[in-house]
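Undergrad: sequence first, predicted coordinates after that:
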Amino acid sequence: MVEFNDVISKVGSFGRYQKCQVLLIFMVAGGTAFFQVGNTFYSASADHYCRVYDDQVYASKSAVKNCTIPYTVEDDDIVWNQCKRYDVNTSQELSGDVCFPRSEDRRDCDNGWVYDKIWYENTVVFEYNLVCDKGWMRQLSKSIVPVGNLVGSLVFGQMSDIFGRKPVYVTALTMTVVTAIATSFTTSYTLFVIGQFFLGVFPLTLFITSQVMVIEMVGIEFRTMCGILHHVGYSIFYMLLGVIALLCDGDWRKIQLIVGIIYVFYLPAIFLVTESPMWLMQKHKYDKCMRVLKRFAKFNKTTLPDDIFDEDKKMYLKSKSESVGEVEKKRQYTLADLLRPPRLRLRTLIMCFNWFACSFVYYGISLNTDQLGNNPYTTFILAGFVEVPGRLLAWWMLGVIGRRWSLCSFAVIGGIALVSSVPPELPEVSTAIALVAKMCVAGVFTIVYIYGAEIFPTVVRNAGMGISSMSARVGSIISPYVVLLDIYWAPLPFVIMGGTSVIAGLIALFLPETRNRKLPETIQDGETFGRNKDNETDKEVFEVKNDNESTTGKELKEITTGNDKTEVNMAVTNEAFEEDIKS
């Protein structure tokens, strides 16, 4: 049975065709940052107080404000009430005898609010008055995107493994364009929230599927580089969103429409991106796989033997005629298959916790980036900028010390830095340390995407990435509420997030190293992966054992790598393995 790594090396591990594919996927996937962090501007708020007459505009100091808005003095600072006003009938033509003496009775802002528009021309908060008793609706509009992320990663992760990478990629790209443009024309808060939900579902699906497609079309030696560039692109588009928002004066409708139009220009990717040849091989779609690989070879100026899959076809056709082969033919691997084997289950849980911790800390820091400066656009761009060195440093470390120790190092250092950024008496030092934590957590995000794509077997890779991403969305959903714990003790949110990151980094040491290793393709590959001291020996014998360490009833034949041929009936081995782990 031919190995995928042998096939891809014949057509070119990273030839011209793959470079064009990766560049196209890089641009499309990077732009998903527009939708993941867009609510930073869409749902931005500002100082506000009750409107008392039509056409009133915001003023930090005015006779009308002094007359109609209650205030208190805290630490020699005047704090104006944002949700109540005095019961005074007044107009722009205000005289002293109208204001004083006045009744101390207070009433709700029955005529709406006026907002400080020095930074934002129009946000969802301004448009639908999501303040005071509607403040929870503003938080909902922010948390609904991670909820969509959760649904998309779980549902489409399974679909990608069953129906293929490209159908899911095309669906996600098309629906991202439609939803983004449609949301910019919504006429109610409810429609806006629905639009944000689907902009959580489809763009993240696009990003995850793109990551898997890139990993599955290049050789082992280029996997890390392509994965890192995938994430660097995300950070670049993150910063680009800040520029777009600045040029739009913070008008959420303009921002939403522009990012949607940008994605219209990505629609040709529907016809240019190819299906994953690794997935096609695993699904025994040899004819389609050959057509894809021939295209690789043509552009890469290489040759591919026409009979490269002949032996595999014969083995597959033979298995179809047997009863066990018929079962294998109909077998569709799901998340349950990933969680059934004990070692794969433990590794999946560890990976999920690392994704959870990473997203938990990432969004927890992002909620406090306003402390880095007074200009929200500069702050936003700076927060994206520090991610780039973090991702590039992760790239370097992945090649030097491997995946496991890189993940541990970034998570532990980032967690310690986050806890250390608490002291309020040293704001400059605290800000610098917080940026170090943001850089580290960006590196962790990059590592877990690459590590996850490598550690999960091909037949359930997207399902594994899906449940991992789902865990991350849980972290991003609860992080805003953890930040609110500062009312009990100011450093508490940072201690919780930093401690979570440290724990995640330490348990990552229980995962097997995947650097320069052949990717596991079947369930049994994933279960036995890392058990041998060296997975790159010329000959490997996978001995599948049950909990009592007794061998299965069906003897597995020797699996050889390198230049030797693999003499094993995959249908028989899969069934034997599955019978063993069901105990």
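TA: Structure's in. What do you need?
Undergrad: who are the packing partners of the helix or strand where residue 343 lies?
TA: For residue 343, the element it lies in under DSSP states H and E is helix 342-366. For helix 342-366, the contact count by 3 or more C-beta pairs under 8 Å, 6 or more residues apart in numbering; DSSP states H and E identifies helix 335-339, helix 387-420, helix 427-455, helix 461-483, helix 492-507, helix 523-528 as packing neighbours. Where you see a C-beta, it was placed from the backbone N, CA and C, and this is true even at glycine.
Undergrad: okay if I get the ones you listed as a markdown table plus mean neighbour count and distance to residue 306?
TA: Output for the helices and strands packed on helix 342-366, formatted as a markdown table (neighbours: other C-beta atoms under 10 Å; distance: least, C-beta to C-beta, whole Å):
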| stretch | mean neighbour count | distance to residue 306 |
| --- | --- | --- |
| helix 335-339 | 18 | 34 |
| helix 387-420 | 21 | 36 |
| helix 427-455 | 24 | 31 |
| helix 461-483 | 24 | 28 |
| helix 492-507 | 21 | 48 |
| helix 523-528 | 24 | 28 |
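Undergrad: please produce CSV containing those helices, extended by distance to residue 176 and mean pLDDT.
TA: Formatted as CSV, the helices and strands packed on helix 342-366 follow (distance: least, C-beta to C-beta, whole Å; pLDDT from 0 to 100):
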stretch, distance to residue 176, mean pLDDT
helix 335-339, 24, 82
helix 387-420, 22, 91
helix 427-455, 19, 83
helix 461-483, 16, 82
helix 492-507, 30, 92
helix 523-528, 31, 82
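Undergrad: of all the ones you listed, which one is nearest residue 357?
TA: Residue 357 lies closest, by C-beta to C-beta, to one member of those: helix 492-507, at 3.7 Å.
Undergrad: now do that closest one against helix 427-455, angle only.
TA: 40 degrees (axes from the mean of the first three to the mean of the last three C-alpha atoms, to 10 degrees).
Undergrad: export only the CA atoms of helix 492-507, formatted as PDB.
TA: Extracted C-alpha coordinates of helix 492-507, given in PDB (Å, rounded to 0.1, in the frame of the first residue of the first chain):
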ATOM      1  CA  LEU A 492      -8.400  37.500  40.300                       C
ATOM      2  CA  PRO A 493      -9.300  37.300  36.600                       C
ATOM      3  CA  PHE A 494      -5.600  37.500  35.700                       C
ATOM      4  CA  VAL A 495      -4.700  34.800  38.300                       C
ATOM      5  CA  ILE A 496      -7.400  32.500  36.900                       C
ATOM      6  CA  MET A 497      -6.400  33.000  33.300                       C
ATOM      7  CA  GLY A 498      -2.700  32.800  34.000                       C
ATOM      8  CA  GLY A 499      -3.100  29.700  36.100                       C
ATOM      9  CA  THR A 500      -5.200  28.000  33.400                       C
ATOM     10  CA  SER A 501      -2.500  28.700  30.900                       C
ATOM     11  CA  VAL A 502       0.300  27.300  33.100                       C
ATOM     12  CA  ILE A 503      -1.700  24.100  33.700                       C
ATOM     13  CA  ALA A 504      -2.400  23.600  30.000                       C
ATOM     14  CA  GLY A 505       1.200  24.000  29.200                       C
ATOM     15  CA  LEU A 506       2.300  21.400  31.800                       C
ATOM     16  CA  ILE A 507      -0.200  18.700  30.700                       C
END
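Undergrad: run the chain-centre distance for that helix.
TA: 19 Å (C-alpha atoms, centre = their mean, to the nearest Å).
Undergrad: by contact count, what packs against it?
TA: Using 3+ C-beta pairs under 8 Å, 6+ apart: helix 492-507 touches helix 342-366, helix 387-420, helix 427-455, helix 461-483.
Undergrad: out of those helices, nearest to residue 503?
TA: Going by C-beta to C-beta, the one of the helices and strands packed on helix 492-507 nearest residue 503 is helix 342-366, 7.2 Å.
Undergrad: if you count neighbours, what's buried in the closest one?
TA: 344, 347-348, 350-366 (16 or more other C-beta atoms under 10 Å).
Undergrad: where are the low-confidence patches of this protein?
TA: Applying pLDDT under 70 to the chain flags residues 1, 89-104, 320-332, 367-373, 422-428, 532-583.
Undergrad: so where do the strands sit in it?
TA: All strands of the chain, identified by DSSP state E, fall at 48-50, 71-74, 77-80, 84-86, 106-108, 113-115, 539-540, 559-560.
Undergrad: ranking those by burial, who's on top?
TA: strand 48-50 (a mean of 24; mean count of other C-beta atoms under 10 Å).
Undergrad: given that strand, what are its sheet partners and their directions?
TA: strand 113-115 (antiparallel) (DSSP bridges).
Undergrad: what's next to the partner strand, contact-wise?
TA: Residues outside strand 113-115 that contact it (C-beta atoms under 8 Å, 6 or more residues apart in numbering) are 46-51, 56-58, 82, 125-126, 129, 131.
Undergrad: now the buried members of the residues you listed.
TA: Buried among those by 16+ other C-beta under 10 Å: 46, 48-51, 56, 58, 82, 125-126, 129, 131.
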